[in-house]
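**Student:** Build the 3D model from these lines:
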Amino acid sequence: MFKRICLIIVTSFLMSTLVFGASIPLNAIWDPNIDDVTIGYKLYRTDGTRLLIGDIPGENPTFPYSFTVTVPDGSTGTVTFIVVAYSTTQVSEDSNVASYPFDLSPRPAAVKDLKVTP
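**Tutor:** Residues are numbered from 1 along each chain as shown. The predicted model follows:
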């Protein structure tokens, strides 16, 4: 019985770190379209499955557009994004890809009380 409870606790802990992860606050900015048909923009995360980050209505959005992404705790990698413009009936091609590298790997604690003597 005790082994089963320990296994459940360990499994729950491991799953919670995978599910919750670390949040990275980011800002996006781009040149708004100057056409007469754009009514908004959609920002997508593209380093895995294409995931909608935000739907930004209006032809002249307020910048920066702030958002948060979640990555696994202690991980290192790069998150990538694209933006598309849309009208009432059409969607533009993808923008260029914007990348943000991150490194959340654990670091050793800082050394304390350093002294140098003759």
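**Student:** Only C-alpha atoms from now on, for both contacts and neighbour counts.
**Tutor:** Will do.
**Student:** Please pull out the lowest mean pLDDT helix or strand from the chain.
**Tutor:** Lowest by mean pLDDT, DSSP states H and E among the helices and strands of the chain is helix 2-20, with a mean of 44.
**Student:** pLDDT of the helix or strand following it, averaged?
**Tutor:** Heading C-terminal from helix 2-20, the first helix or strand you meet, by DSSP states H and E, is strand 22-28. Mean pLDDT, computed over strand 22-28, is 97.
**Student:** how many neighbours does the spatially closest residue to residue 47 that is not a sequence neighbour have?
**Tutor:** Nearest non-adjacent residue to residue 47, counting by Cα to Cα, 6 or more residues apart in numbering: residue 80, 5.1 Å away. Using other Cα atoms under 10 Å, residue 80 has 16 other residues around it.
**Student:** Please give me every residue in contact with residue 80.
**Tutor:** The neighbours of residue 80, taking Cα atoms under 8 Å, 6 or more residues apart in numbering as the test, are 45, 46, 47, 97, 98, 99, 100.
**Student:** Nearest residue to the middle of this structure?
**Tutor:** The centre of the chain sits closest to residue 69, judged by Cα atoms, centre = their mean, with a distance of 2.6 Å.
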